[in-house]
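Undergrad: Pasting the sequence and the predicted model now:
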Amino acid sequence: MNALAVPHRSAVAVALYGLLNPIPFGCFVAALIFDIVYARSAEMLWMKGAAWLIAFGLLFAVIPRLVNLVQVWITGRHGSTGVDRLDFWLNLLAIVAAILNAFVHSRDAYGVVPAAVWLSVVTVVLLSIAHVAVALRYRATGSYVHE
């Protein structure tokens, strides 16, 4: 075996990552929209909906991050790029912000307004930057190498 050979990625892990990775982004964007609507209307339904969306987004964010952790930091240390590492850290920071947002949403309904909106914005912005970085690398290399 060649010492410079990049280890092959598991087809199951790549499929699982590709299937589950977009779900948290959609949940967090919807939660941001719900938080903004709640801040404008003070209707409890929107705050409760945002809390559920954040919870589901966090549940679906765990498996792709574990797959990404193994592929970037353990098996692919030599084959992963700086964009892979940046994507991992931005997603991890977004998950931390979403966890804090889940705690904020557990408060009384009228106490969530300023903090929940800002934490939702931070979560969505971090995930958006990560997705744009991966997309720009795809455009530069001409092949989708993020798995």
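TA: The structure has been received and is ready for your questions.
Undergrad: Helices along this protein, start to end?
TA: Assigned by DSSP state H, the helices in the chain fall at 11-20, 22-41, 44-69, 82-105, 113-141.
Undergrad: Same list, those, but as a markdown table with mean pLDDT and mean neighbour count please.
TA: C-betas here are computed from N, CA, C, even on glycine. A markdown table is the format used below for the helices of the chain (pLDDT from 0 to 100; neighbours: other C-beta atoms under 10 Å):
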| stretch | mean pLDDT | mean neighbour count |
| --- | --- | --- |
| helix 11-20 | 85 | 14 |
| helix 22-41 | 95 | 19 |
| helix 44-69 | 93 | 18 |
| helix 82-105 | 93 | 19 |
| helix 113-141 | 89 | 17 |
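Undergrad: Quick one: residues contacting the residue nearest the centre of the chain.
TA: Residue closest to the mean C-alpha point of the chain, counted by C-alpha atoms, centre = their mean, is Asn91 at 4.6 Å. Asn91 makes contacts with Ala61, Arg65, Asn68, Leu126, Leu127, Ala130, as judged by C-beta atoms under 8 Å, 6 or more residues apart in numbering.
Undergrad: contacting residues for Val113?
TA: By C-beta under 8 Å, 6+ apart, the residues touching Val113 are Tyr38, Ala39.
Undergrad: for Ala94, what are its contacts?
TA: Going by C-beta under 8 Å, 6+ apart, Ala94 touches Phe28, Val122, Thr123, Val124, Leu126, Leu127, Ala130.
Undergrad: again, but for Phe28
TA: By C-beta under 8 Å, 6+ apart, the residues touching Phe28 are Leu53, Ile54, Gly57, Ala94, Ala98, Ser120, Thr123, Val124, Leu127.
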